[in-house]
Each structure stands twice: as C-alpha cells, then as structure tokens.
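Peer 1: With the input below, show me the fold.
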Amino acid sequence: MQPTDIKAPDYFHKVVDCQWACPAHTPVPEYIRLIAAERYADAFMINWKSNVFPGILGRTCDRPCEPACRRGRVEEEPVAICRLKRVAADFKGDVSDRMPRAPATRNGKRIALVGAGPASMTVARDLAPLGYELDVFDGERKAGGFIRTQIPKFRLPEEVIDEEIGYITDLGPSMRLGERVDSLNALLNGGYDAIFVGCGAPRGRDLPIPGRQEAAANIHIGIDWLSSVSFGHIKSIGRRVIVLGGGNTAMDCCRSARRLGGEDVKVIVRSGFEEMKASPWEKEDAIREDIPILNFLVPKEFKHDNGRLYGMTFEKVKAEYDARGRRRLVPTGEPDAFFECDDVLVAVGQENAFPWIERDIGLAFNDWGLPVLDEETLQSSVPNVFFGGDSAFGPKNIIWAVAHGHQAAISIHLLCQGLDIKADRPPPRVTLVSQKMGIHEWSYDNAVSPDLRFKVPHREKQAALTDIKAEVELGFDLKLAFAEAQRCLNCDVQTVFTDTLCIECDACVDICPVDCITFTANGEEAELRTRLNAPAHDLDQALYVSGVLKTGRIMAKDEDVCLHCGMCAERCPTGAWDMQRFFFDMAQAENACCSK
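Peer 2: Numbering: from 1, shown residues only. I've put the predicted structure just below:
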C-alpha cells in the first residue's frame, strides 16, 4: 500500500464518523467538548452555522450521526449527540449579538423561495447576509413549513420554532406568508435571477380500499390531520382510534390522538416491528404511552354502517425471503383480524405534489414525479431553478433539508456571480493542529469514560397525556449534560504518525488497548488487513499506512477501532505519535469566490 495522504480533506473527515454521517457535516465532537467546558453559546453557534436549527433538531432530528458514533463500538449505546445539541440551545443565553446582520446595501440580485420550511429558510440564512433580495412565499401565515405544521407541540414547542426562524427573518428576507404560489412560470417571468423550490412533500398517501369513500367522515390523512391539530382546528377525536403506518408521522398521530381523547389507540403496520421506518425512540415513546403496535397486518376493508365507521378488517401476513434475501409478505391463511374503531388516521407515506408547476416550461420530471436534479448542485433542467428538502428527492428529514439548502445556496450564489456552479464550488476548510501542551499533557480530556448512556428525563406520563402542548422530553440538566458529554471519544483528535521519528520500539503497540497498531511488512490492502494484530474487517474505514521505516516495515493502523485515547502518543519516547485536532468546516455560500 502507498503511504496515506492525511492532507486529503476527506481522510480524517471520514474518521470522525458522526460528522461524516451528518448530512450537514456538523462538527459534533467540537461542540460536545464546548458543552463539557460550559461554553454553551459557543456550542450553539457551531451548530447554528452548520445545521441552522439547533433547538429544533435537538428535539426532532433523525440522528444519522448516532448509529455511526464510535462509542457504540465499545458499548451498547452511542453518545446522545442529538440531546446534547438541545443542551447547547437550552443553555446558550442571549446570542443575538453574535448573529450576522442584514447588509446595508443589496447586491442587485433577486431570489424567490417557494415554501418557508427548513430548506428554504437555510437558503435564506446563507444568502441574506450576502446582499440578496429574497422573497419567501408560503401559503401558511407562519414560517416553518412542516416543522410547524406536522411536528406536535409536545415534541417541539412553538416558541423554539419562533426563536430559530426569527434568527433568519431578522436578516431581512421579505416573508410573503399567506401567499401560495400557483404558477412557476409566473415566477420565471417575475424578474427573479434564481428560484428555489422548498415546498416539501405536501400530500399524504391515501388508502383506496373498500369502505374508504363511504366512511370518509372519520378517515383522516395523517399529515393533514396533524396540521389541523397544530393550528387548533381539531381538538378532539373518537375514543377508539386506529393509526395506519409505521413511520414517524404515524407515531406523531397516535401520540396526538391519545392527548385528544383517544383512550384505545393502536398502531397497525403491514411490516414487522424492526422493519418499521419510525425511529426506535419514537416507537419507544409511543409504547411508553400505552399505545400498542400491531405488526404483519395488511388493511383490507373499512367497515361502516350507512357511512358510520365502526371498525377495520386486516389480512394476516408473514415475511418470506428468497435466495437473494428479498422480502415479500404472504398471507398466513388465518382468519382476518377485526378491530373496532371510531376514527382512522392514515399515515402510510407522503408524496410530492407539483400542480403549480407547468409541464411545458422545460422542467424535467422522472417516473416518480420528482424533478430531475443534479444531486450536488440541486439544479433542475431549467438552469435558474433549484430544489431542496422533500421536494427534491422525496420525504427525508429536517437535517437533509438543511444540507440541501446549503448546497443550493452555493449554487445560486455562483450562478448569480457568473461562475460555474460545479467547477467553482468552494472546498471545505480543514485544519489539523497539535494538542500537545507538555510531555504528557494534552489540551483535551482524553480519558475514556466507561459510563453508559444517560437517560433524558421525561414528564410524568399522566401529566403529559392531559396537555397536548406540554413537552414530554425535559432535556438534560447541566449535570447530566456534562456526564453525557464526557462519553464522547474525541474522534476528531487524530493520531498523526511521523515515520522519520519512529525508532520501532513497539511501545505504542504494547499499550494500545484495542490492538489497532501493527508494524509489519507492506502488502496489498486486502492481504494486509488479514495479518494486523486485530484483523481490519470494516472495509469502509481506511487503514493509516506509513512510509517505509528503517527496518523495511511499515506502520499500519486500523482507523475503525481506534479509540483516540492518545495512549500511543503518551507512551512514544520520540514523539513519532501526536494527537492533532482535525476541524472540518463545510463550505457555504459565503466561502464562494466573487465574480470574475
């Protein structure tokens, strides 16, 4: 193998597994260390620059970072990264003086943003300080999109939304709320230099089975029902409620129904429990509130008496797998299951709806009704029209919408500056700095704590179920936050090896607690991985390979299992090992070059 090029921006970025997994590439270990140091405002600002909505995401994120967390490889559960993000938001104090200001003059470019959800508001956050004139259109009277309309207040208080949306509206975009866009062609002819579409996936899928039309009065599309609950249009529901679907929307529906009078609320899913799309913690919260989840039941018929819904029948199925591991659901042959109900909430998926986009303006759509986009630039087949969030590639989550918003803002800025939106994209900013303070002293806490994950306190169940606006998760207090932050393994503090200083004494090999360092003869990667002290089976994570040492051997380190404990650097008598803090700062529109 050739010596590893640690100067390549993505090499150590990929070693910081949590940041690599985050669509917005938030510097997770950095802000967790700041929380441990009681620098909550600094931790908040790092989050705000990257993921825009720390308080919102600290309560609602799908947490792609946590399955990637290195702590999960040595203990059962990862660091509570998401809930620590909320700590930064809850305890930051007043940060208004740290926010960017609206520019005194504009740059002469006008941008239209369709929808006031997380994707559009991220674009606005990135472009407003650069002097763009921004018009944000949304049919609702308050900004936030599905953050405001579909996430129940017991998960996300409205004041948190108001605060974090407010940081963006304070930058001066024209918020044209209550104005629904009915024609993309009209916007194209409206003098805008670019248009960003961030209108989400606004249509919930229906379930056209027998009885649907006749019993329609008590059958509700989940996302529409949640929106009506959010705005106070619906304040009660029947005593017996069935929720159809296995995603997070279904979990929000069933928990909301419990708070609006549903005494017998159950979730019924066609797949198995483990295959449900809902996040594990969302399912746990529903079960904690006495909501059973029934699996392997396929809806068959809405039962009604002259239009009055009284129950549903379901076909019982089981999963079978073919030789390639593909699953299909087949009937068990058992009698159909019947469940009584007064109302049904249908939460079986969402889909995009673009009735306001004319099909004769040159904008291409794929077979699934989604716009054909460049995945990096988010540009459509109409060069000055960009998409992001759920409207781009279908329903995902808030953090993906934020990531799309950042990338679309770069594209729009480059386009308006007359630059190539692919070739001229700014690179990330990367630093690698030694943390050495003395012979055996480092500027970070490198002790590996054995603590298990700390639990987030919850409101008492009965009190939570009697108030639909009472937040259920209470968040970490400062003592718990510090203890949880100490579980972070500082994956961004990298082990950096200087082969010219190495005397091959093997002291680092002897002290390494996970046997991730090997001095051996070089070879092809596949073969070399098999003869390390601990065979390196994870091919997705690189081997760190040195140049040729004096004995002709090389040093090979498995980046996958390394704990970043720094014991190799502490033990090394020549300083061949150093612990260096790696900071990966994802480029945004402000980093793009000016016009040629």
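
Peer 1: which intervals of the stretch 351-500 of the chain have sub-threshold pLDDT?
Peer 2: 440 (pLDDT under 70).

Peer 1: In the chain, what helix or strand scores lowest on average pLDDT?
Peer 2: In the chain, the helix or strand scored least confidently by mean pLDDT, DSSP states H and E is strand 350-351, which has a mean of 84.

Peer 1: Which secondary structure elements does that strand sit against?
Peer 2: strand 203-204 (3 or more CB pairs under 8 Å, 6 or more residues apart in numbering; DSSP states H and E). Where you see a C-beta, it was placed from the backbone N, CA and C, and this is true even at glycine.

Peer 1: Pull up the pairing partners for the strand it packs on, direction included.
Peer 2: Applying DSSP bridges, strand 203-204 is found paired with strand 350-351 (antiparallel).

Peer 1: Distance from the chain centre to the partner strand, please.
Peer 2: Computed by CA atoms, centre = their mean, to the nearest Å, the separation of strand 350-351 from the middle of its chain amounts to 19 Å.

Peer 1: Contacts for stretch 361-371, please.
Peer 2: Contacting residues not belonging to stretch 361-371 are listed as 184-185, 188, 197, 351-352, 354, 357, 359, 372, 380-382, 385, 387, 391-394 [CB atoms under 8 Å, 6 or more residues apart in numbering].

Peer 1: Try it again at 7 Å.
Peer 2: With contacts defined as CB atoms under 7 Å, 6 or more residues apart in numbering, stretch 361-371 is touched by 184-185, 188, 352, 357, 372, 380-382, 385, 387, 393-394.

Peer 1: For that stretch, which residues meet the burial criterion?
Peer 2: Buried residues in stretch 361-371, counted by 16 or more other CB atoms under 10 Å: 363, 370-371.

Peer 1: returning to what we had before: can you check the contacts of stretch 361-371 and name whichever has the most neighbours?
Peer 2: Each of the contacts of stretch 361-371 was scored for neighbours by other CB atoms under 10 Å, and F387 scores highest at 27 neighbours.

Peer 1: Show me what it is bridged to.
Peer 2: Beta-bridge partners, per DSSP bridges, of F387: V197.

Peer 1: Let me know the closest of the contacts of stretch 361-371 to E473.
Peer 2: G394 (28.1 Å; CB to CB).

Peer 1: Does the closest one touch A201 like I think?
Peer 2: Yes. Judged on CB atoms under 7 Å, G394 makes contact with A201 at a distance of 6.3 Å.

Peer 1: since we're on the residue lying closest to E75 once chain neighbours are set aside, how many residues are nearby?
Peer 2: Nearest non-adjacent residue to E75, counting by CB to CB, 6 or more residues apart in numbering: L452, 6.4 Å away. L452 has 11 neighbours, counted by other CB under 10 Å.

Peer 1: Isn't S50 up against T26?
Peer 2: Yes. Look at S50 against T26 with CB under 7 Å: they come within range, at 4.1 Å.

Peer 1: Find the residues that touch each one of these two.
Peer 2: With CB under 7 Å, 6+ apart, S50 and T26 have no common neighbours.

Peer 1: got the contact list for the lengthiest strand in the chain?
Peer 2: If you go by DSSP state E, the chain has its longest strand at strand 308-321. Under the criterion CB under 7 Å, 6+ apart, residues 215, 218-219, 242, 268, 270, 272, 296-304, 327-332, 334, 336-342, 344 lie in contact with strand 308-321.

Peer 1: Identify the residues contacting the most centrally placed residue in the chain.
Peer 2: Geometric centre of the chain, nearest residue: I399, 3.6 Å, by CA atoms, centre = their mean. Under the criterion of CB under 7 Å, 6+ apart, the neighbours of I399 are 22-24, 51, 57, 61-62.
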